[in-house]
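Asker: everything below, folded, please.
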Amino acid sequence: MALHYCSRHKRLFSRSCHRWVTFSQATIDEIHGYYELLRSTNKDASWLHVIELSCDQCAETFRTIARSKVSNDQFWE
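Answerer: Okay, the predicted model is just below:
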């Protein structure tokens, strides 16, 4: 099982909610501890890993920058 995580915004993807969710640093640390415990007790834990992804907030930031860039480029034409 892969855990999707955005370290920039400290968000995890919730499979049950089908959306990105913000968690406190304490919760992130607790999940990381469980992850390390599972990996240390299961020799073949290749099925368990964390994937760094950009979250919905990252995507919105990129869209805003892209819109701004397009607007600025059109302004100069």
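
Asker: I figured residue 13 was touching residue 19, is that so?
Answerer: Yes. With contact defined as Cβ atoms under 8 Å, residue 13 counts as touching residue 19 (7.5 Å). (C-beta placed from N, C-alpha, C; glycine too.)

Asker: the two - which one has more neighbours?
Answerer: Neighbours per residue, other Cβ atoms under 10 Å: of residue 13 and residue 19, the larger number sits with residue 13, 18 against 11.

Asker: you'd agree that one is in a strand?
Answerer: Yes. When classified by DSSP: H, G, I helix; E, B strand; the rest coil, residue 13 is found to be part of a strand.

Asker: quick one: mean pLDDT for the host helix or strand of residue 31?
Answerer: Take DSSP states H and E as the rule and residue 31 turns out to sit in helix 25-41. Throughout helix 25-41, pLDDT has a mean value of 83.

Asker: how about it: buried residues?
Answerer: Residues of helix 25-41 classed as buried: residue 28 (neighbour count, 16 or more other Cβ atoms under 10 Å).

Asker: tell me the bridge partners for residue 50.
Answerer: The partner list for residue 50 in beta bridges (DSSP bridges) reads residue 3.
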